[in-house]
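In: below is the sequence, then the predicted model.
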Amino acid sequence: MQQEAVVNYAPEKGSVVLRDIEKPSVGEDDVLLEVACVGVCGSDLHQWTGDHSWPVNYPVVLGHEFGGYITEAGSRVNGWKKGDKVVSETAAVIDPGNPMSRRGLYNLDPTRKGFGNGVDGAMTRYVRVPSRCLHRVPDHLDMQQACLTEPCCVAYNAVVENGPVKPGDRVIVLGPGTIGILCAAIAKLCGAEVLVAGLEQDSARLDVARQYGCDTTTGDAAAWAKEHDGLGADVIIDAAGVSATLKTALDLVRPKGLITKVGWGPQPFNHPLDPLVQKNITLQGSFSHNWPIWERVIALLSSGRLDVTPIIGCVRTFAEWQEAFEKMHKGEVVKSILKPS
C-alpha cells in the first residue's frame, strides 16, 4: 500500500518533496500509528533550507512532533491496543546498554536516532513507532494540542530540569520561535518575570509571547535586564538558531547567573569567553527530553495550565506542506501543523 509523505531526499537546499512511499510494517515491539497531526519543527525547516548541523539519513520522511491512533501492535507489545490515542517521543532508535540510556537519559545516547532525521518520521499517514516511545493522551485533550507535547518537553527540560527557574527570577528568552515562546510560557508558570527578545520581523510572534503574559522587545534588552538592581537577569534562555546570541546572553546575565542554550547554531562563536569567568556564570546546553518529562508535560496540557493554542497559526494538509513551512520560515506564524490529506 502506498501513502503520501513529505520527504527530505538530499542535503541540498530545497530538497523536500511530497512523494508516495510504502506503508511501513511493524516489528514485534512496534506499533503502527495512524497519524492525526504533526507539528512542523524548526529542525524540519532547517533540513528544508539545507542549513542544519546534525546528520540526516537521506531520504527520510520529516516530522517528529506527532500523535495519532494505534492501528496495529507487534506480538510483544503489552499495555497498548488498537484505537489507543497516543503521542510519541522522538528517540526512535537507542542503545539500551549505553551508559546514558541505563540512567534513563537515552536522549543523550550518542547513537540515538530520531524520527525525521535518523528514521522516517510522521509527515505521512502511517508511521512505525517503538512501543516504548508511547504516551497515552486523555480523551478530552485535542490532538492538535497533544501533538505539540514534544516541543513543550524541550522547553520544560530547558526551564525546569536544566534550570531550574524559580519564582521571582527575571528571565530573558532570546528568540521568539516555538521553543523560545514555550520556554517563556513555562517560565511564567514557574513564577518568573519574563522578557522575550526578538527582531523587528518577529512582531507577529512577539504578539503571541504577550498572550502568555510576557514582556517583549525588538531592541536592546539591557534596560529590562538591569531594571531590578542593575546587575542583569537571573536566567537567559538562548533559543535562537545562531551562535552569536551567546554574546548577548553573556552581556545580559547577572553575576552568578545562568545561561541555558537550547537553540542550535552551527556558526563559530567568535567572541571571548572572559565574561563567563569574570561573572562566575553557569553555561549549559539543554537537549531533548525523556519519559518523566513527557508525563509531566501531558499533565500540564491536560489540566489546561499550559495552553499551546496561541502558538498554532496554520493548519494544513500534507499536500500543502510548503505553505505551512513558508509561513513559519517567514515568521508569519509560530507553529504550523500538518494533517493527512
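Out: It's in.
In: which residues of the stretch 151-300 of the chain fall in helices?
Out: 178-189, 203-211, 222-225, 245-252, 274-278, 291-303 (DSSP state H, counting those that start in this stretch).
In: residues of stretch 69-86 that come out buried?
Out: 69-70, 73-74, 77, 84-86 (16 or more other CB atoms under 10 Å). For the C-beta atoms, the positions are set from N, CA and C on the backbone; glycine is no exception.
In: restricted to strands, list these.
Out: The strands, defined by DSSP state E, take in 69-70, 73, 85-86 from the buried residues of stretch 69-86.
In: coming back round to it: okay, the helices of the stretch 151-300 of the chain in TSV with distance to His329 next?
Out: Shown next, in TSV, are these (distance: least, CB to CB, whole Å):
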stretch	distance to His329
helix 178-189	12
helix 203-211	12
helix 222-225	28
helix 245-252	19
helix 274-278	33
helix 291-303	26
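In: turn those into CSV, including mean pLDDT.
Out: Shown next, in CSV, are the helices of the stretch 151-300 of the chain (pLDDT from 0 to 100):
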stretch, mean pLDDT
helix 178-189, 98
helix 203-211, 97
helix 222-225, 97
helix 245-252, 96
helix 274-278, 97
helix 291-303, 98
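In: out of these, which is the most enclosed?
Out: helix 178-189 (a mean of 27; mean count of other CB atoms under 10 Å).
In: CA atoms of that helix as CSV?
Out: The C-alpha trace of helix 178-189 is given here as CSV (Å, rounded to 0.1, in the frame of the first residue of the first chain):
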residue,chain,number,x,y,z
THR,A,178,8.3,27.8,19.1
ILE,A,179,10.8,26.7,21.6
GLY,A,180,11.5,30.3,22.8
ILE,A,181,7.9,31.1,23.4
LEU,A,182,7.2,27.8,25.1
CYS,A,183,10.2,28.3,27.3
ALA,A,184,8.7,31.7,28.2
ALA,A,185,5.3,30.2,28.9
ILE,A,186,6.8,27.6,31.2
ALA,A,187,9.0,30.1,33.0
LYS,A,188,5.8,32.1,33.7
LEU,A,189,4.2,29.0,35.1
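In: related to what we said a few turns ago, and the furthest pair within the ones in strands among the buried residues of stretch 69-86?
Out: The most widely separated members of these, counting by CB to CB, are Ala73 and Lys85 (14.2 Å).
In: surely Gly42 and Gly241 touch.
Out: Yes. Assessed by CB atoms under 8 Å, Gly42 is found in contact with Gly241 at 6.5 Å.
In: which residues do those two both contact?
Out: Common neighbours of Gly42 and Gly241 (criterion: CB atoms under 8 Å, 6 or more residues apart in numbering): Gly177.
In: now, among the buried residues of stretch 69-86, which is nearest to Leu231?
Out: Taking the buried residues of stretch 69-86 together and measuring to Leu231 by CB to CB, the closest member is Val86, at 46.2 Å.
In: partner residues bridging that closest one?
Out: Taking DSSP bridges as the rule, Val86 bridges to Gly68, Arg136.
In: and Val159, how many neighbours does it have?
Out: When counting by other CB atoms under 10 Å, one arrives at 29 neighbours for Val159.
In: what do you get for Ser101?
Out: Neighbours around Ser101, by other CB under 10 Å: 19.
In: and it, how far is that from Leu174?
Out: 31 Å (CB to CB, to the nearest Å).
In: just Phe66 next, same as before
Out: 28 Å.
In: higher neighbour count, these two?
Out: Phe66 (31 against 26).
In: hmm, the more buried one is touching Val127, no?
Out: Yes. Using CB under 8 Å, Phe66 is in contact with Val127, at 7.1 Å.
In: tell me the contacts of the spatially most central residue of the chain?
Out: Residue closest to the mean C-alpha point of the chain, counted by CA atoms, centre = their mean, is Pro151 at 3.0 Å. Applying CB under 8 Å, 6+ apart, we find Pro151 in contact with 39, 41, 65, 178-179, 182, 335.
In: list the residues that contact both of Phe66 and Val127?
Out: With CB under 8 Å, 6+ apart as the test, Phe66 and Val127 both reach 33, 35, 115, 121.
In: surely Met100 is in a strand?
Out: No. Applying DSSP: H, G, I helix; E, B strand; the rest coil, one finds Met100 to be helix, outside a strand.
In: now for it, how many residues are close by?
Out: Neighbourhood size, Met100 [other CB under 10 Å]: 17.
In: contacts only, for the residue nearest to Met100 when sequence neighbours are not counted.
Out: Sequence neighbours aside, Leu108 is the residue nearest to Met100 in space, at 4.4 Å (criterion: CB to CB, 6 or more residues apart in numbering). Contacts for Leu108 (CB under 8 Å, 6+ apart) come out as 100, 287-288.
In: what is the nearest of the residues you listed to Val61?
Out: Ser288 (19.5 Å).
In: if anything else comes up later, I'll come back, but that's it for now.
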